[in-house]
Each structure stands twice: as structure tokens, then as C-alpha cells.
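Trainee: return a 3D structure for these sequence lines:
(one chain, ligands or ions: 1)
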Amino acid sequence: MTLLQNHRVDASVPALRLHEVRKDFGDRQALRGLSIALRPGEVYALLGPNGAGKTTTLNLILGFLSPDAGHVEVAGLRVDRDPLAARARIAYLPETVMLHPRLSAIENLSYFALLGGRRLDPAQARALLADAGLQSEAHERPAAGFSKGMRQKVGLAIALAKNAQLLLLDEPTSGLDASAANDLSLGVRAAVRRGLAVLMATHDLYRVKDVADRLGILRGGRLLTERATAELSPAQIEALYLHALASAEPEFGA
Ligand SMILES: Nc1ncnc2c1ncn2[C@@H]1O[C@H](COP(=O)(O)OP(=O)(O)OP(=O)(O)O)[C@@H](O)[C@H]1O
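Mentor: The predicted model follows:
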């Protein structure tokens, strides 16, 4: 049973829009007029070195920070004007997924989904965990014994249960082995099949082509370039990244 209403997706409204967003921390300019728009169902990889502004961007979208100029819209809702409604449309997978160690995968998913206003029956919970890539043998095991990749799959299932329109991923493949990172790509596709747009902040150049439709390279709080991944090979993505960073003017704090 769904306690919250499903949000209708209007394909003509961007799932996410950052408009000329600026964010300063004291005299440090973390974002300097960042504009990004994502269509429903689009996967966008935000690449950038340490300090580029990726986490600041995610925190602004989530409403944890307020921009000093510009604004953020989620599914057409301004995060500054309508924060709760905007947040209800966002599912967020943090770098480290915290689960109750004594509860099983199904119990964790059911518990967190209920906190988000959705009651799942066991069959729905199993289907979500399977979509997120968690093998059925693990569904009833306590989370205490789960690897990082398994915890992420449960986190992704929790995110999918939310009926959001935008999925935010923060460094989703950091600390995962190649097989677990590949499973995550499958989980992202499951989100896309449900119509979610996905923004992933990442250092993982090698997975970008498999997962993302578009990439943006951020440095010093500015977007240096945006490209469709279909037109690039993995080697070209790496070359583009290194070239963009090498040719950019050195930025304070970047
Ligand atoms: N709370 C804060 N107070 C002061 N400066 C901050 C704060 N948060 C971020 N910054 C600064 O803003 C800039 C952007 O940081 P941010 O964490 O967004 O980068 P990032 O791309 O996520 O880096 P990383 O890949 O290392 O996580 C950096 O110069 C950082 O030092």
C-alpha cells in the first residue's frame, strides 16, 4: 500500500535544473554560476577533482545548503520555495549506506520505506531488492555481514521504493570492486526504467560510459565541458577529462 501519492512525471519538465547557482564559503567560491539540466530518465555524471564542487552541488539540490545566487528546481519545484515537496521527489544514495545491523535486507528496506511513507509487502520488497541487484540468498540475512556493495544495493532499493523523480548518487563506486561497481550500473538502469533521472558525482571515469548518457566536468566551481557519452570512447572520456583540467586556468581552491 502506498501512503504517499505517486508523483506524476511531466516529460517536458526537467527532473533537475540548476540555474546560475553560486555558493561561497567565506572568501572561497565553491560554485561560480553552475547551470545543469536533466531530462526525466537521463543519467548525468558530474566529474571533477577533489574540491571541484560536486558535494556542494548535491547538498544544494538536497536543500542542506542555500545558494548565494541562482536557484535549484527539482521536477519544476524550487528547492528554496518548496523544500519539502522538492525533497519528496529526491532519492539520495550516500557514499556510505547505514543500515540496522541486526535487521535483514528485507526488514531494513521495509523499515526505511515506511519512514518515507510507503508500506511494502514482502513480495514488493523482494522485487525492489532484486532490481537493485541483491541476490535472493541475501534478502533475509542480517545486514551486519554485508559488504559495502551489498549495503549499497539495499540503499538503492530504499531509494527506488521512494517513487522519486531524481536519484542522487555520491561517489557510488568508491571502494567497490569491479564486479560490485558493475552491479551498481545495473541498479542505475533499474532506476531509469522507472523514469528517474540520475545525477552521480564521481571520480570513476571508467564507469561513466557504461552508466551515464551525459557527462559534465566541473572544476573550481565551473562546468568546463558537457558531452554526450555515446559519442565518446572510454579512452576519449579520459583524454577529455585530462585535457579539460590541464587547459583550465588554475582556480583558487580547485
Ligand atoms: N563547509 C564548508 N566550509 C568551507 N569550505 C567548504 C565547505 N564545503 C566545501 N568547501 C569548499 O568548497 C570547495 C568545493 O568543495 P566540495 O566538497 O563541494 O568539492 P568536491 O568536488 O565534492 O570534492 P571531493 O571530490 O574531494 O569530495 C572546496 O574548495 C572546499 O574546500
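Trainee: mind showing which ranges of this protein have poor pLDDT?
Mentor: Within the chain, the ranges that satisfy pLDDT under 70 run 1-9, 247-254.
Trainee: tell me which parts of it are close to the ligand?
Mentor: 25, 28, 30, 48, 50-56, 253 (Cβ under 6 Å from any ligand atom). Heads up, the C-betas are built off the backbone N, CA and C, glycines and all.
Trainee: what segments of the stretch 51-200 of the chain are helices?
Mentor: Using DSSP state H, counting those that start in this stretch, the helices of the stretch 51-200 of the chain run over residues 54-61, 83-88, 105-115, 122-131, 148-161, 178-193.
Trainee: before we move on, the earlier item: among the residues of the chain next to the ligand, name the buried ones.
Mentor: 30, 48, 51-56 (16 or more other Cβ atoms under 10 Å).
Trainee: show me which pair in those residues is furthest apart.
Mentor: Ala30 and Gly48 (11.5 Å; Cβ to Cβ).
Trainee: nearest residue to the residue sitting nearest the centre point of the chain other than its sequence neighbours?
Mentor: The chain has Leu168 as the residue nearest its centroid, 1.9 Å off, counting by Cα atoms, centre = their mean. Excluding the flanking residues, the one nearest Leu168 by Cβ to Cβ, 6 or more residues apart in numbering is Tyr92, at 4.7 Å.
Trainee: contacts only, for that neighbour.
Mentor: 58, 62, 159, 167-168, 170 (Cβ atoms under 8 Å, 6 or more residues apart in numbering).
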